[in-house]
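**Student:** sequence first, predicted model second:
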Amino acid sequence: MQLLILTTGKCRDSHLKALESQYLGRLPENQWRVVIRELPDGETPEDEAAAQLVALAGVPVPGVRILLDEDGENVSSRELAGKFKDWQMDGIKAVAILIGGANGISKTVLQRVDWVWSLGRLTYPHQMVRLVLAEQLYRMHTINTGHPYHRD
């Protein structure tokens, strides 16, 4: 399955980028093809929407488009792992996860996603969201493969 991480803005912190790469690098390449696309940021959500919409439209079919947003559904790591397992069983080819920039997300983009997911009600810098997302993707993989990384 392809994992597309669509992030508005660049990660300029080399330490966070290294940790992100460490988690994503633990995913087996024969199961997960991870692609990170850094989209341009703008002054308003509408400024950013065009690139976000193009990126979402390019998700292979069948695919799932996810938006990370504080108002989304808050799920446990096990529930997230269950969703990914179901998508794999259903033959989904790609999962795209969109991380918005500091300005929020336009309503047009919000209407183009299949699921809105929340990492919690706290506000995070988008660079840190990338790291938390990478860790949760690795955790999801370990749960689904029975690896002892995740402990309840």
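**Tutor:** That came through fine.

**Student:** and the longest strand along the chain, what other elements does it pack with?
**Tutor:** Using DSSP state E, we find that the single longest strand of the chain is strand 63-74. Applying 3 or more Cβ pairs under 8 Å, 6 or more residues apart in numbering; DSSP states H and E, we find strand 63-74 packed against strand 94-99, helix 107-110, strand 115-118. C-beta here means a position set from N, CA and C on the backbone, and glycine is covered the same way.

**Student:** tell me where the chain has helices.
**Tutor:** Using DSSP state H, the helices assigned to the chain run over residues 14-25, 45-57, 77-89, 107-110, 126-145.

**Student:** which of those helices sits closest to Val64?
**Tutor:** Val64 lies closest, by Cβ to Cβ, to one member of these: helix 77-89, at 5.8 Å.

**Student:** please point out which parts of the closest one sit buried.
**Tutor:** Within helix 77-89, the residues that qualify as buried are 80-81, 83-84, 87, counting by 16 or more other Cβ atoms under 10 Å.

**Student:** before we move on, what about stretch 22-40?
**Tutor:** Counting neighbours by 16+ other Cβ under 10 Å, stretch 22-40 gives 23-24, 26-27, 32, 34, 36, 39 as buried.

**Student:** for those, work out which two are farthest apart.
**Tutor:** Largest separation among the buried residues of stretch 22-40 by Cβ to Cβ: Arg26 and Leu39, giving 24.9 Å.
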